[in-house]
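Novice: Give me the fold of what follows.
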Amino acid sequence: MEKHALAKRVFHQMYDHDLFSQWLGIKCLEINEGKCVLQMEIRQEMLNGFDIAHGGIAYSIADSALAFASNSHGRRSVSIETSISHTEPVRAGDLITATAEEARLSDKTGIYYIKVTNQAGKVVALFKGTVYRTGRDWFPADKEKA
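Specialist: Numbering: from 1, shown residues only. Now for the predicted structure:
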């Protein structure tokens, strides 16, 4: 199976069962092997007591981008370490975009950097994620056919 087609197939398999990403209103702008670009609009109920988006919102879209990018190779991967730096406030009505890019991939781990920007292209958060790559494929029947 072509790598781009596999990445899309994995994305849809994951997203269709990811009620949290659906609740956030996340839309996929791009999915390729080792890369994912997601976008969402900040809603009023996502704000904290300072009238800015709760830090968990930028974290959540970045974490989702990490999940989709790291699983795009067709092997089930789970995060084992993540961190985020919030660089600018995010407000209701902002359109944020998370771009996950693979920095390193081995048989057992992957490292990804995710940049979260607003509609003006300003960086609002920087996220790093490390994943463990399990030995399980998303579509094992495909390998049996090959």
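Novice: And stretch 40-51, what's buried?
Specialist: Met40, Ile42, Met46, Leu47 (16 or more other CB atoms under 10 Å). C-beta here means a position set from N, CA and C on the backbone, and glycine is covered the same way.
Novice: Look up phi and psi at the closest residue to Lys122 other than its chain neighbours.
Specialist: Excluding its sequence neighbours, the residue lying closest to Lys122 (CB to CB, 6 or more residues apart in numbering) is Glu88, at 5.8 Å. Glu88 adopts backbone torsions of phi -150, psi 150, taken as degrees, to the nearest 10.
Novice: And the pLDDT at Glu88?
Specialist: pLDDT for Glu88: 98.
Novice: And it, how far from Ala53?
Specialist: According to CB to CB, to the nearest Å, Glu88 stands 10 Å off from Ala53.
Novice: For Thr99, give its distance to Leu38.
Specialist: 8 Å.
Novice: any residues in contact with both of those two?
Specialist: By CB atoms under 8 Å, 6 or more residues apart in numbering, Thr99 and Leu38 have these common neighbours: Ala65.
Novice: More neighbours: which of the two?
Specialist: Legend: neighbour count by other CB atoms under 10 Å for Thr99 and Leu38, higher for Leu38 (27 against 19).
Novice: Now for that one: which residues touch it?
Specialist: Ile26, Lys27, Cys28, Leu29, Ile61, Ser64, Ala65, Phe68, Thr97, Ala98, Ala100.
Novice: Retrieve the pLDDT associated with the closest residue to Asp107 other than its chain neighbours.
Specialist: Leaving aside its sequence neighbours, Asp107 sits nearest to Arg133 (CB to CB, 6+ apart; 6.8 Å). Arg133 carries a pLDDT score of 98 in this model.
Novice: give the contact list for Arg133.
Specialist: Contacts of Arg133 by CB under 8 Å, 6+ apart are Ser70, His73, Arg75, Arg76, Ser77, Ser106, Asp107, Lys108, Thr109, Gly110.
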